[in-house]
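>>> The sequence and its predicted three-dimensional model are supplied below.
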Amino acid sequence: MEACSGPVVNRMSYTLDNNLLTPAQRHFYEENGYLVIKNLVSDEDIERFRDEFERICRRDVKVPGLLIMRDVSIAKSEFVPDEKAVMKIQDFQEDDELFRYCTLPQIIKYVECFTGPDILAMHTMLINKPPDPGKKSSRHPMHQDLHFFPFRPADLIVCAWTAMEKIDRSNGCLVVLPGTYKGSLKQHDYPEWEGGVNKLYHGVRDCDKSAPRLHLAMEKGDTVFFHPLLIHGSGMNRTDGFRKAIACHYASGDCHYIDVKGTTQENVEREVAEIAKTEYDIHSPVILKDIWAFRSRLVKGERRNL
Ligand SMILES: CCCC(=O)SCCNC(=O)CCNC(=O)[C@H](O)C(C)(C)COP(=O)(O)OP(=O)(O)OC[C@H]1O[C@@H](n2cnc3c(N)ncnc32)[C@H](O)[C@@H]1OP(=O)(O)O
Ligand SMILES: Nc1ncnc2c1ncn2[C@@H]1O[C@H](COP(=O)(O)OP(=O)(O)OP(=O)(O)O)[C@@H](O)[C@H]1O
Ligand SMILES: O=C(O)CCC(=O)C(=O)O
Ligand SMILES: [Fe+2]
Ligand SMILES: [Mg+2]
């Protein structure tokens, strides 16, 4: 909230004034829906996340609730205990070493500018974008993260995404459509890609192809904070390395769950229920919000509704 008293003129709607963001940074976020903070996470922390990720891939550690996703190009091949077989891990909230990322004070300080003082880590992932097998399947289609979330309001949700190495167009950087967060939540479906599409990689259905794209090249440790309605994706990995990023979606304790029945988000609920069946052996009708309430973790203040 604005610190000054009296009527507030032109109050910025998306960032809270806690004396961390400069007026220029707040203005940039209000315009574009994202903000890059350079060099926010140390090399030492990133090495620790990398080591833990490797232990998880080797199955040296077992993490309750963790979802390990294989790339579509090797989905049906034999199990290999190596990072080469893992495209992404999700829901690492029970892994103390990786979850440390979500609680880093320098990250939380920024998150608070968007969520206010009551902060929950709702969704965690480490993305290990594989070298493209020549089918362009390593791309992530353009999407809005809110499509996957059954909670609101959108303005009290923010993603922190940290590059674990130098990421540019050669290994598939984030691509954003600046300002698109001011639009509504769009219908998402699987894109019709001949080379195959990864599980849950839904893309915006009828997207304005002429909207200006911006490639976010980032150095190791740089962190982008972005709004859940910002349309973004990532390009193909043309290198032979596995491109790594770690991310967490945070929400305010003031957010509340919504019922997605009858909305464009119904297709996600159906698919997540399928995954719950095969991965966690949950067969009773699960609703999205129970899954979310279960895996979210309080990182600061009070939980309240979520
Ligand atoms: C919102 C409208 C878009 C929609 O239709 S949304 C529906 C869901 N569908 C999609 O998202 C598919 C369409 N979207 C996309 O292709 C995305 O923009 C996506 C996935 C981020 C694109 O990824 P990539 O094509 O792998 O990445 P890219 O943009 O870096 O490469 C495109 C072409 O540029 C070239 N390029 C790479 N690095 C460059 C550089 N440094 N300077 C100049 N050009 C460069 C690159 O060779 C590529 O060319 P080409 O397409 O292979 O001919
Ligand atoms: N690369 C991996 N590293 C660690 N665990 C993995 C990896 N790939 C899959 N898993 C996990 O191992 C379990 C078995 O997955 P996998 O897909 O290999 O076998 P399956 O489901 O029994 O067979 P299939 O998918 O071929 O029908 C799942 O819980 C999955 O999440
Ligand atoms: O790291 C990436 O490629 C972006 C992933 C992403 O946007 C997502 O998983 O929602
Ligand atoms: Fe995303
Ligand atoms: Mg399987």
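Yep, it's here. Keep in mind that this is a model prediction, so the values were computed, not measured. Ligands and ions are numbered 1, 2, ... in the order given.

>>> Let me know how buried the residue of the stretch 51-200 of the chain found nearest ligand 2 is, in neighbour terms.
As assessed by Cβ to the nearest ligand atom, ligand 2 sits closest to Ala85 within the stretch 51-200 of the chain, at 3.3 Å. Just so you know, the C-beta spots here come from the backbone N, C-alpha and C atoms, and that holds for glycine as well. For Ala85, the tally of surrounding residues (other Cβ atoms under 10 Å) stands at 18.

>>> Can you pull the phi/psi pair for the residue found closest to it once you drop the neighbours it is linked to in the chain?
Of all residues not flanking Ala85 in the chain, Arg70 sits nearest, at 5.8 Å (Cβ to Cβ, 6 or more residues apart in numbering). The phi/psi pair for Arg70 (degrees, to the nearest 10) reads phi -100, psi 150.

>>> ok, the closest residue to Leu146 other than its chain neighbours to ligand 2 distance?
Leaving aside its chain neighbours, Leu146 sits nearest to Pro228 (4.0 Å; criterion: Cβ to Cβ, 6+ apart). Counting by Cβ to the nearest ligand atom, to the nearest Å, the gap between Pro228 and ligand 2 amounts to 26 Å.

>>> neighbours of Pro228, just the number please.
24.

>>> Offset the numbering so it begins at 41, please.
New numbering, starting at 41: the last item is Pro268.

>>> Am I right that it is in a strand?
No: per DSSP: H, G, I helix; E, B strand; the rest coil, Pro268 lies outside any strand segment and is coil.

>>> My guess is it contacts Tyr290. True?
No: with contact defined as Cβ atoms under 8 Å, Pro268 does not reach Tyr290; the gap is 10.2 Å.

>>> Quickly list what's touching both of those two.
Taking Cβ atoms under 8 Å, 6 or more residues apart in numbering as the contact rule, Pro268 and Tyr290 both touch Ile197, Val198, Cys199.

>>> Run a quick neighbour tally on the last one.
Residue crowding around Cys199 was assessed by other Cβ under 10 Å; the count is 22.

>>> on that earlier part again, and the residue nearest to Leu186, how far from Ile148?
The gap separating Pro268 from Ile148 is 18 Å, by Cβ to Cβ, to the nearest Å.

>>> Leaving aside the residues adjacent along the chain, what's closest to whatever residue of the chain ends up closest to ligand 3?
Per Cβ to the nearest ligand atom, Ser274 is where the chain lies closest to ligand 3, at 3.2 Å. Spatial nearest neighbour of Ser274, excluding adjacent residues (Cβ to Cβ, 6+ apart): His180 at 4.2 Å.

>>> Enumerate every residue touching the residue of the chain closest to ligand 3.
Applying Cβ under 8 Å, 6+ apart, the residues near Ser274 are Lys169, Arg179, His180, Gly212, Cys213, Leu214, Val215.

>>> Look up phi and psi at it.
Per degrees, to the nearest 10, the backbone of Ser274 is at phi -150, psi 150.

>>> Show me the helices in the stretch 241-346 of the chain, by range?
For the stretch 241-346 of the chain, the helices defined by DSSP state H, counting those that start in this stretch cover 306-320, 328-335.

>>> nearest to ligand 1, of those helices?
The nearest among the helices of the stretch 241-346 of the chain, by Cβ to the nearest ligand atom, is helix 306-320 at 14.5 Å.
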